[in-house]
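Trainee: Give me the fold of what follows.
(2 chains)
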Amino acid sequence: MQDFWIIISVAFIGISASLLGAFLLFRKMTMLTDAIAHSILPGIVIAYLLSGTKNILLTLVVATLFGVLTSFLASWIEKKIPSRQDAATGISFTFLFALGIIMVTLFAEQTDLDQECVLFGEMLYIPFDTLLFNTLEIPRAFLMSLLVLVVVFTFTRIAYRYLFFITFDSIFSASIGISITLWHYVHVTLVSLVSVASFELLGSVLVIAMFVFPPATAFLISRNFFTLLLYTLFISVISVILGYYFSVWQLSSAAASIVLVQGVIFSGTLILHRNLYQKTS
Amino acid sequence: MSNFWIVLIGALLIGGSTSIVGVWLVLRRESLKGDVLAHGVLPGIAIAFLLYPSKNILFMLSGASISALVALQTMNLLQKYTKLKLDTQMALVLSFFFALGLWLLVKIQFLGNSSKSGLESFIFGKMASMLPKDIFNAFLVFILVASINFLYKKRLFWATFDENFTKSIGISVVFTKNLLTIMTVATIVVGLQAVGIVMMAAMLVTPAAVATFMIKNNLNKIFIVSGLISMISIFLGTLLSYFFPKTPTGPWVVVICSLIAFIVIFLSKNIKREK
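Mentor: Just a heads-up that it's a prediction; the model follows:
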């Protein structure tokens, strides 16, 4: 049962992340997830300090705001330093992450956060932090990832058309009156929401893998966007399951194992697809 | 107090190298590549430790360099064999290599190695643990970077701004790129233990970005300004971390550096308006 809760919570996060990641991939913004995943750290510390205990909703809200703040900062700097998007992203997220690390070390006693959980997340503690519903014990993290999944699915359902348009033809979508800025920030907000949830479970750097690997793998083999989404969801769930059992077998970090499995799936797909494709054509 | 001076001198040497390399990375619009390489060294460090568990600095440095080069080569392969864009290539390589590194580090901890402590300092950096030996390494790398920069500045400049011209006057672009790679990897590897992975990325990007933003027409001035900014922020950051003894030095340096960047960028608007 413990395995089940861990896998299903992480799989929900994986599904939400890779769904948004597919759009990021085509908007050439995947490094933004790296930036967001680092810069939500001060938000998480502030949420701890505000509530005194671990409050998931508050953490989600405050840290998501910090994620959006990174995007704001980066686009503000980019306006001043034209066509240096990489530098703009680099300046803003490293600043917030450095601030976060300082806060973590300064308030280590009040927050029971440390540098280790910044790296690895708290995936294996999922089954031990539960809420009681009548007689059913449900892990807090499961509720969090369910909430995130529902929010992401609802918004993607509503915004699919707009996201699709601004992703593939921003000039056309501007000409028919779709606000690129609005939907960009909707997208960024969702990305940072998922990043926060994923940060809690998986740690900072591995968030980006959840966003990027499944869509990038699906990109190799699919011919249209809808099949890409289907493959993406499938790959993200499979990699979570395999990765978890790989970590149990090898006694190592579960989050890192998931990413390793994703990497193996990616390279396997790349090699197989290239060989098959070259033989048939 | 002597420890303070050791830390300061070491940090200044590292800052000197990062500010030179960073300018090229920013001018080439490859500044996130520094981030990727900084994450890419982690598996090498872990493997070097597994093979030879005594934290011999030379062994670890060579492991780290090999690992960074493998990461770079992986990006080239992705470029060659897939249609994925540059940002996705970087994201894939960065997260995979970092995950591999973390996986190995956790494995090392489970194996129960007594001297495993200190491996985490590669991720977050521990400036205070710098020894005179580390300063010597930082000095060597600074000399290497500065002399490559002095000798090959023209070539790097041409290869950055006009590849076709560079080829037409018979200079190999690949060779020049390799020079830059050597400079970058050496800088990252030697600075990593002091400032950590993410802070390394900041030290490469921020001073150089501000310098290229302030000065448009003179490469030498860009190097000087970039160096000055990183030195000021290293000095203030080291001081601050001594006032708050629990906190690490690297993040303070980055915070100061970013604040300088924000002030410069903020003021620039007013200057433009006055005109």
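Trainee: need the helix or strand of chain B with the lowest average pLDDT.
Mentor: helix B:121-124 (a mean of 72; mean pLDDT, DSSP states H and E).
Trainee: Any residues of the stretch 1-150 of chain A in contact with chain B? List them.
Mentor: A:25, A:28-31, A:33-34, A:38, A:76-77, A:80-81, A:83-84, A:86-92, A:94-95, A:97-99, A:101-102, A:105-106, A:108, A:115-116, A:119-120 (Cβ under 8 Å from any Cβ of the partner chain). (Each C-beta comes from the backbone N, C-alpha and C, glycine too.)
Trainee: Weed out the non-buried ones from the residues you listed.
Mentor: With burial judged by 16 or more other Cβ atoms under 10 Å in any protein chain shown, the buried subset of the residues of the stretch 1-150 of chain A next to chain B is A:25, A:29-31, A:33-34, A:38, A:77, A:81, A:84, A:86-92, A:94-95, A:97-99, A:101-102, A:105, A:115, A:119-120.
Trainee: any weak-confidence spans in the chain?
Mentor: All of this is about chain A. Applying pLDDT under 70 to chain A picks out residues A:54, A:82-83, A:109-117, A:120-126, A:131-132, A:134-135, A:205, A:278-281.
Trainee: The chain in question should be chain B.
Mentor: B:1-2, B:54-56, B:112-120, B:128, B:269-275.
Trainee: Helices of that one, residue ranges please.
Mentor: Under the criterion DSSP state H, chain B contains helices at B:2-27, B:31-40, B:42-51, B:57-81, B:86-110, B:121-124, B:132-161, B:163-168, B:173-195, B:197-214, B:219-243, B:249-274.
Trainee: now these in JSON lines, with mean neighbour count and distance to chain A?
Mentor: What follows is these, written out as JSON lines (neighbours: other Cβ atoms under 10 Å in any protein chain shown; distance: least, Cβ to the nearest Cβ, whole Å):
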{"stretch": "helix B:2-27", "mean neighbour count": "23", "distance to chain A": "5"}
{"stretch": "helix B:31-40", "mean neighbour count": "28", "distance to chain A": "5"}
{"stretch": "helix B:42-51", "mean neighbour count": "22", "distance to chain A": "10"}
{"stretch": "helix B:57-81", "mean neighbour count": "18", "distance to chain A": "7"}
{"stretch": "helix B:86-110", "mean neighbour count": "24", "distance to chain A": "3"}
{"stretch": "helix B:121-124", "mean neighbour count": "22", "distance to chain A": "6"}
{"stretch": "helix B:132-161", "mean neighbour count": "17", "distance to chain A": "14"}
{"stretch": "helix B:163-168", "mean neighbour count": "13", "distance to chain A": "18"}
{"stretch": "helix B:173-195", "mean neighbour count": "22", "distance to chain A": "10"}
{"stretch": "helix B:197-214", "mean neighbour count": "28", "distance to chain A": "3"}
{"stretch": "helix B:219-243", "mean neighbour count": "20", "distance to chain A": "9"}
{"stretch": "helix B:249-274", "mean neighbour count": "19", "distance to chain A": "4"}
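Trainee: Which of these sits closest to A:Gly14?
Mentor: helix B:86-110 (13.4 Å; Cβ to Cβ).
Trainee: Identify the residues contacting B:Asp87.
Mentor: Neighbour list for B:Asp87: A:28-31, B:32 [criterion: Cβ atoms under 8 Å, 6 or more residues apart in numbering or on different chains].
Trainee: Nearest to A:Gln250 among the residues you listed?
Mentor: Using Cβ to Cβ, these come closest to A:Gln250 at A:Thr30, 28.0 Å.
Trainee: Spatially central residue in chain A, please.
Mentor: A:Ser195 (3.8 Å; Cα atoms, centre = their mean).
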